[in-house]
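In: Any chance you can model this:
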Amino acid sequence: MSRGLGVNLGMIPPGLTGPDVTAPTITSSAAPSVAENSTLSHALTASESVTWAIRTVGQNGASVDYASFEISGSTLRWVGNGTKDYETPGDTGTNNTYVVVVRATDGSANTADQTITVTVTDVSEGATPAAVLILFGQSNAGVVPTTSPTPPSGWSDTASAMIWNPDTGDVEQ
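Out: Below you'll find the model as predicted:
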């Protein structure tokens, strides 16, 4: 509204909009999980175009594990795109739950924060065999492996067995 002097007193002319004062809404999951020894690739999404950043301090002291994370574009991942080992947790609570706060900033500098807790899950890795039994003998089917180890000298080529210890490399009859 003007008073004859051409001065705008706070009215927005028709067809124009006021400044954007609405913060973006973060829509990505706040509780992803990733198997140990796997890279983390967590998509960060929001209700509008934003830039992403990791906060070093969040609400109530959250973001305690911020140094474990990085953002590449709109993807949250482990620093150096590395992996985590379930058996040797590196998070602050040593319980395989890594907490980080991310911030979304829109083109008008409005911000929204989200606390994300990434859980590292255990994967059965199997046990390393204490010994491997290797059998030597004649094949009734006429199939002889071409990569089988050679039996030690003095062993019968008709039916023999040996044990190989992968820890020491020793072969025993």
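In: For Gly126, grab the count of nearby residues.
Out: Residues near Gly126, counting by other Cβ atoms under 10 Å, number 6. The way it works is simple: take the backbone N, C-alpha and C, and place the C-beta from them, glycine included.
In: And it, how far from Ser29?
Out: Distance of Gly126 to Ser29, computed by Cβ to Cβ, to the nearest Å: 30 Å.
In: List the contacts of the residue nearest to Gly80 when sequence neighbours are not counted.
Out: Of all residues not flanking Gly80 in the chain, Glu70 sits nearest, at 7.6 Å (Cβ to Cβ, 6 or more residues apart in numbering). Residues near Glu70 by Cβ atoms under 8 Å, 6 or more residues apart in numbering: Ile54, Leu76, Arg77, Trp78, Val79, Gly80, Asn81.
In: Give me the subset of the residues you listed that lies in strands.
Out: Taking DSSP state E, the ones among the contacts of Glu70 that sit in strands are Ile54, Leu76, Arg77, Trp78.
In: List the strands paired with the one helix or strand the residue nearest to Gly80 maps to, with their directions.
Out: In this assignment (DSSP states H and E), Glu70 forms part of strand 69-72. The strands that strand 69-72 pairs with in its sheet are strand 75-78 (antiparallel) (by DSSP bridges).
In: So what touches the partner strand?
Out: Contacts for strand 75-78 (Cβ under 8 Å, 6+ apart): 39-44, 52, 68-71, 84, 100, 102, 116, 118.
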